[in-house]
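Engineer: this is a predicted model, with the sequence first.
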Amino acid sequence: MLVSRRDIASKRSRLSLASLLILIATAQAQPAFNTDQQIKLYESWVSKDPANISSRTLLAGAYIQKTRETTDFDYLNRASKILDGVLAEKQDYEALRLRNIVELTLHHFSKAAEYARGMTIRWPGDVPSWGTLGDALLEMGQYDDARAAFEKMLELKPGLMSYNRLGFYHFITGDPERGIALMQQAVAAAAKYPENKAWCLVELGNMYFKTAHWDEAGHAYREALATFPASHTAYAGLASVKAAQGKFEDAIDNYKRAQSITPMVQYAGALHDLYMAAGNRAAAQQQADMVDIVAQLEGAANQKANRTLALIYANQDRNLNQSLELAKADFEVRQDVYTYDVLAWALYKNQRYEEARKASDQALKLNAPEALFFYHAGMIANSMGDTATAAKRLSQALDLNPGFDIKQASIARQTREALVGQASPSANPR
């Protein structure tokens, strides 16, 4: 597969969980034939009757679905233009609903929340709007309000999308068992498209992986691929399991498969670390160059926020000023625990330890079962001379998932061992 610079543009790395969930919801409303066929059909309808609002919103929905499948934001731009035109003529419900999806996907979270909240007031039984509202609130770190929105969604219509959302909510708020149980319900729920089920299976696999149930995670990822063979996230998940098990060649192969389908910047970052661990510096440099191309494209497009790229640069100990700027810019639009964690790590790498500690405390506030959060907190505490907290946090990370990251888990073990050695009483020769 040929990969162009356009294909690895950073927009591929900016799709958040909430964005993907709401885009999947759009897919469930579409007819049972493939998206390209939908687009061709709806474009013909619009060509014959440009004033028909129903045809135009169907076409906008198909473009949004195509964005989800390809992460090509040109389709999202086309959808947005159609919706702007429709809403200039009439406050059409379907156009309003789709506009919310566009705003959420573009990470305009406060605007998406405002629009969705207005729709829940106007149409209290509108299930998709409750989902969109909860998604936006989750990204902004307003967890209690997000939970209320998701529970209202579940009350109105139990199903894949409500189980999925509540499952993720419970997982990141410190109840992984309930989160996994709800995600299992999402997998079992009727899915109109195979990709919808595969998405839930990948999320289930991620929960298993993060809690060190690697066999169960591998099974979920393989089932996702059997359900939807083009799932790049399933290949990436399987790669993370193989890396944790020390099977570097298998991990590299699976990340390369994920990258060939959708070349997201995090896959380049993971491959860089794997190639370095395998002693292949030339291949590692190629992946680092790919990461830099993403950064250059973002700079040219004046896109300043990207926590994924910020994390990669911090992990690779390069472009640290840029890492911090990217993290701070992302924090301006969302204040969830994941953004706090990346901000903390970027601050730490720039030796701004006190600020890093404060941000890390916020990342830990929900007790999410994320080994990276505990690892980052431990390294920050160590840098400040708080060796007791450092040892505790590093142990929490490794106990939760000893293979959470091929490079960082190794650093965590080495640092903890050094701390234990410092704490042990020295021999007193006679």
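Structural biologist: Structure received. Residues are numbered from 1 along each chain as shown.

Engineer: secondary structure class for R334?
Structural biologist: coil (DSSP: H, G, I helix; E, B strand; the rest coil).

Engineer: correct me, but it touches Q142?
Structural biologist: No: in this structure, R334 is not within contact of Q142 by C-beta atoms under 8 Å, at 10.5 Å. The way it works is simple: take the backbone N, C-alpha and C, and place the C-beta from them, glycine included.

Engineer: these two: which has the busier surroundings?
Structural biologist: For the pair R334 and Q142, the greater number of neighbours falls to R334 (21 against 18), based on other C-beta atoms under 10 Å.

Engineer: please name the residues that touch that one.
Structural biologist: Residues counted as contacts of R334 (C-beta atoms under 8 Å, 6 or more residues apart in numbering) are S16, H107, F109, E139, M140, G141.

Engineer: of all the residues you listed, which two lie farthest apart?
Structural biologist: Spatial extent of these (C-beta to C-beta) is set by the pair H107 and G141 at 13.8 Å.

Engineer: now Y93: closest residue in space, sequence neighbours ignored.
Structural biologist: Leaving aside its sequence neighbours, Y93 sits nearest to W123 (C-beta to C-beta, 6 or more residues apart in numbering; 7.4 Å).

Engineer: what do you get for V333?
Structural biologist: Nearest to V333 is H107, by C-beta to C-beta, 6+ apart, at 5.4 Å.

Engineer: on that earlier part again, make JSON lines out of the contacts of R334 and add distance to E249, neighbour count and pLDDT.
Structural biologist: Below are the contacts of R334 laid out as JSON lines (distance: C-beta to C-beta, whole Å; neighbours: other C-beta atoms under 10 Å; pLDDT from 0 to 100):
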{"residue": "S16", "distance to E249": "31", "neighbour count": "21", "pLDDT": "44"}
{"residue": "H107", "distance to E249": "36", "neighbour count": "19", "pLDDT": "91"}
{"residue": "F109", "distance to E249": "40", "neighbour count": "25", "pLDDT": "95"}
{"residue": "E139", "distance to E249": "37", "neighbour count": "25", "pLDDT": "96"}
{"residue": "M140", "distance to E249": "41", "neighbour count": "19", "pLDDT": "96"}
{"residue": "G141", "distance to E249": "40", "neighbour count": "18", "pLDDT": "97"}
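
Engineer: can you put those residues in JSON lines and add distance to A346?
Structural biologist: Shown next, in JSON lines, are these (distance: C-beta to C-beta, whole Å):
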{"residue": "S16", "distance to A346": "18"}
{"residue": "H107", "distance to A346": "18"}
{"residue": "F109", "distance to A346": "21"}
{"residue": "E139", "distance to A346": "19"}
{"residue": "M140", "distance to A346": "20"}
{"residue": "G141", "distance to A346": "18"}
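
Engineer: I'd like the residues you listed as JSON lines, with distance to R318 and secondary structure appended.
Structural biologist: As requested, the contacts of R334 are arranged in JSON lines below (distance: C-beta to C-beta, whole Å; DSSP: H, G, I helix; E, B strand; the rest coil):
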{"residue": "S16", "distance to R318": "25", "secondary structure": "coil"}
{"residue": "H107", "distance to R318": "25", "secondary structure": "coil"}
{"residue": "F109", "distance to R318": "30", "secondary structure": "helix"}
{"residue": "E139", "distance to R318": "28", "secondary structure": "helix"}
{"residue": "M140", "distance to R318": "31", "secondary structure": "coil"}
{"residue": "G141", "distance to R318": "29", "secondary structure": "coil"}
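
Engineer: what is the neighbour count of P50?
Structural biologist: Count around P50 with other C-beta under 10 Å applied: 10.

Engineer: my error: substitute N350 in the last question.
Structural biologist: 16.

Engineer: how much space separates R56 from D92?
Structural biologist: The gap separating R56 from D92 is 9 Å, by C-beta to C-beta, to the nearest Å.

Engineer: got it, and S260?
Structural biologist: Distance of S260 to D92, computed by C-beta to C-beta: 40 Å.

Engineer: please apply the same query to D317.
Structural biologist: In terms of C-beta to C-beta, D317 sits 51 Å off from D92.
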